[in-house]
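**Student:** curious how this folds, go ahead:
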Amino acid sequence: MQLPGERGRSPNGARPDRSLTVDWRRREVLRGAGAAGLALGLGACGDARPAVGLPPAGARPSLVPMRLTLDQLIDVKCCIRPLRAAGPNLSAERLGDTLVIHNYGHGGSGWSLSWGSAEIAVGKAMSTLPREVAVIGCGIIGLTTAVVAQRAGLRVTIYARELIQRTRSFRASGSFTPDSRVALAEPAGPAFGDLWEKMARLSWKAFRTYLGQPGNPVEFGDSYAVSESPITRRHWPRDPAITGSWKPGGLPQQNSEFGHYNDRIKDIMRQPVDLAPEENPFALPYAQRSSQMYFNFASYGHALLSEFFAMGGHFINREFHEPAELAGLPEKVVIHCTGYAARDFWRDDTIIPVRGQTGWLVPQDDAHYAVRHHNLSVHSKRDGIVVMNNLDPSGQDIGEMLGVGDSMELPDRGPIEAALKTLQPLFGRGGRS
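**Tutor:** Below you'll find the model as predicted:
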């Protein structure tokens, strides 16, 4: 097999651009390997991660197959997303002489909206011209809020049971998904779209300041959807057979109740493009590619904590049981960021648990991209290959209703192993020959 850049012509018949062939020489070229598979290309020695390069227009990209075997599975994590029917709580209230600003209930969009919601919460806190604030909680919302408050010139103390590495935030998948189960459309109301867009755009802008920083806390990568049939956007019309809907303290009854807002930021979130046959590196006949922003938890958490402590931040290990306890803190402006814990702590029964689960494989430094097939997905990042099985136990795609109302936090390897078994044939033998 000739690699691009060898004598002759490249796989698409065009003469190769030699300025782009160094990267290609270091990677494996995918070829057809059966009806459902990605074939293995040839391996080559070189750096752990090849230089960044793009193939010529219309060419088939070179992708190193991921190793999706059980011996690579090193962790399974369960995350409870705090879906709040009306969207994140960003309200303010008084407890005696203490002003409490809420910042919780972001569903599956906590990472994605963290900077935007922090800007809004800190802006409300600044209305009283405080010199110091307390932040309750050290998940991604709490820690980001603390950093934003410091950048506004405030002294900040975080009160929490644990640092970010031990919070639910570190059990997420780590992709920019700003409207993932963020609200139910009717309870959130028509005005929520504007608030969501503000948070999403502020966050997008803030995340981009971390691109290229040491440890690559934020990166972009290609994401592919592959299928045996044409790929279309999934719509969930209202099922007339289901007459009920969400009521305070209850659960949504069907997918059509969820709010969807991504169309409001189509100008910054790149939309999927269909790949022509000569551009499709997969054996399956239909493929789409999009650019996806994602987060590497270890380096991103380290970057935030380093900034927080470098700017004089204090962390006090403490657990709260009643809202009244916040009034006893020395800081008289408190930003409350306890996430799902607010359901019990603040007695907010509009928070709906949505169980999610991720499997983690050993990192594969030479394969940085994502693939989704039949609502099973794998995403190779620097901190590991994330595996998700978004099908119900019967193997059906039930959309955003998956995990709704389920607060069980014990991991279950079964669905992750099933996803690997289904996806592994897409990658041939799953590694270099």
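**Student:** distance of residue 387 relative to residue 68?
**Tutor:** Distance from residue 387 to residue 68, counting by C-beta to C-beta, to the nearest Å: 8 Å. No exception for glycine: its C-beta is placed from N, CA and C like everyone else's.
**Student:** again but with residue 251, I slipped
**Tutor:** 34 Å.
**Student:** now do residue 278
**Tutor:** Distance of residue 278 to residue 68, given as C-beta to C-beta: 26 Å.
**Student:** what about these two, which has more around it?
**Tutor:** residue 68 (26 against 11; other C-beta atoms under 10 Å).
**Student:** isn't that one up against residue 418?
**Tutor:** No - taking contacts as C-beta atoms under 8 Å, residue 68 lies outside contact range of residue 418: 12.0 Å.
**Student:** picking up where we left off before, so what's in contact with residue 387 and residue 68 at the same time?
**Tutor:** Common neighbours of residue 387 and residue 68 are listed as 361, 378, 420, 423 (criterion: C-beta atoms under 8 Å, 6 or more residues apart in numbering).
**Student:** where does the stretch 301-433 of the chain dip in pLDDT?
**Tutor:** 428-433 (pLDDT under 70).
**Student:** tell me where it has helices.
**Tutor:** Secondary structure of the stretch 301-433 of the chain, counting by DSSP state H, counting those that start in this stretch: helices at 342-345, 413-423.
**Student:** can you list the buried residues in the shortest one?
**Tutor:** Buried residues in helix 342-345, counting neighbours by 16 or more other C-beta atoms under 10 Å, are found at 342-343, 345.
**Student:** closest one of these to residue 181?
**Tutor:** Checking the buried residues of helix 342-345 against residue 181 with C-beta to C-beta, the nearest one is residue 343 at 15.0 Å.
**Student:** residue ranges with poor pLDDT in the stretch 51-200 of the chain?
**Tutor:** 51-59.
**Student:** nearest to residue 160, of the buried residues of helix 342-345?
**Tutor:** residue 345 (12.0 Å).
**Student:** pretty sure residue 253 sits against residue 246.
**Tutor:** Yes - look at residue 253 against residue 246 with C-beta under 8 Å: they come within range, at 7.1 Å.
**Student:** tell me the secondary structure of residue 193, please.
**Tutor:** helix (DSSP: H, G, I helix; E, B strand; the rest coil).
**Student:** against residue 262, how distant is it?
**Tutor:** 11 Å.
**Student:** which of these two has more neighbours?
**Tutor:** Shown here are residue 193 and residue 262; by other C-beta under 10 Å, residue 193 has more neighbours (19 against 15).
**Student:** ok, the residue lying closest to that one once chain neighbours are set aside - contacts?
**Tutor:** What sits nearest to residue 193 in space, not counting adjacent residues and going by C-beta to C-beta, 6 or more residues apart in numbering, is residue 261, at 5.5 Å. Contact analysis of residue 261 by C-beta under 8 Å, 6+ apart lists 178-179, 182, 193, 196-197, 200.
**Student:** can you do 10 Å?
**Tutor:** Contacts here follow C-beta atoms under 10 Å, 6 or more residues apart in numbering; on that basis residue 261 touches 87, 109, 178-179, 182-183, 185, 188, 192-197, 200.
**Student:** per-residue confidence for residue 271?
**Tutor:** We note a pLDDT of 87 for residue 271 in this prediction.
**Student:** you'd agree it is up against residue 223?
**Tutor:** No - Residue 271 lies out of contact with residue 223 (C-beta atoms under 10 Å); the separation is 11.7 Å.
**Student:** joint contacts of those two?
**Tutor:** With C-beta under 10 Å, 6+ apart as the test, residue 271 and residue 223 both reach 288, 290-291.
**Student:** now the residues you listed as JSON lines including distance to residue 138 and secondary structure?
**Tutor:** As requested, the shared contacts of residue 271 and residue 223 are exported to JSON lines (distance: C-beta to C-beta, whole Å; DSSP: H, G, I helix; E, B strand; the rest coil):
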{"residue": "288", "distance to residue 138": "38", "secondary structure": "strand"}
{"residue": "290", "distance to residue 138": "32", "secondary structure": "strand"}
{"residue": "291", "distance to residue 138": "31", "secondary structure": "strand"}
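**Student:** circling back to that earlier point, looking at the contacts of residue 261, which are in helices?
**Tutor:** Those of the contacts of residue 261 mapping onto helices are 185, 188, 192-197, 200, per DSSP state H.
**Student:** among those, the buried ones, what's the ChimeraX command?
**Tutor:** If you want just the buried ones from those in ChimeraX, going by 16+ other C-beta under 10 Å, the selection is:
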select :185,188,192,193,195,196,197,200
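**Student:** so how far is the host helix or strand of residue 207 from its chain's centroid?
**Tutor:** Assigned by DSSP states H and E, residue 207 belongs to helix 192-208. Here helix 192-208 is found 15 Å from its chain centre; the criterion is C-alpha atoms, centre = their mean, to the nearest Å.
**Student:** stretch 211-220 too?
**Tutor:** 15 Å.
**Student:** equivalent analysis for stretch 190-197, please.
**Tutor:** Worked out by C-alpha atoms, centre = their mean, stretch 190-197 lies 21 Å from the chain centre.
**Student:** same question, stretch 133-147
**Tutor:** 19 Å.
**Student:** that stretch: end-to-end distance?
**Tutor:** Stretch 133-147 has an end-to-end distance of 11 Å (C-alpha to C-alpha, to the nearest Å).
**Student:** likewise for stretch 264-282?
**Tutor:** Start-to-end span of stretch 264-282 (C-alpha to C-alpha) is 31 Å.
**Student:** just stretch 259-274 next, same as before
**Tutor:** 26 Å.
**Student:** what is the most centrally placed residue in the chain paired to in the beta sheet?
**Tutor:** In the chain, the residue lying closest to the centroid (C-alpha atoms, centre = their mean) is residue 175, at 2.4 Å. Note on residue 175: beta-bridge partners by DSSP bridges are residue 294.
**Student:** who's in contact with it?
**Tutor:** Counted by C-beta under 10 Å, 6+ apart, residue 175 has contacts 108, 111-112, 221, 223, 292-295, 370, 377, 379, 381, 386, 388.
**Student:** please redo it, this time with the cut-off set to 8 Å
**Tutor:** Listed by C-beta under 8 Å, 6+ apart, the contact set of residue 175 reads 112, 292-295, 370, 379.
**Student:** over to residue 229?
**Tutor:** residue 286.
**Student:** how about 10 Å then?
**Tutor:** 284-286.
**Student:** got TSV for the helices of the stretch 301-433 of the chain, with distance to residue 228 too?
**Tutor:** What follows is those, written out as TSV (distance: least, C-beta to C-beta, whole Å):
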stretch	distance to residue 228
helix 342-345	41
helix 413-423	13
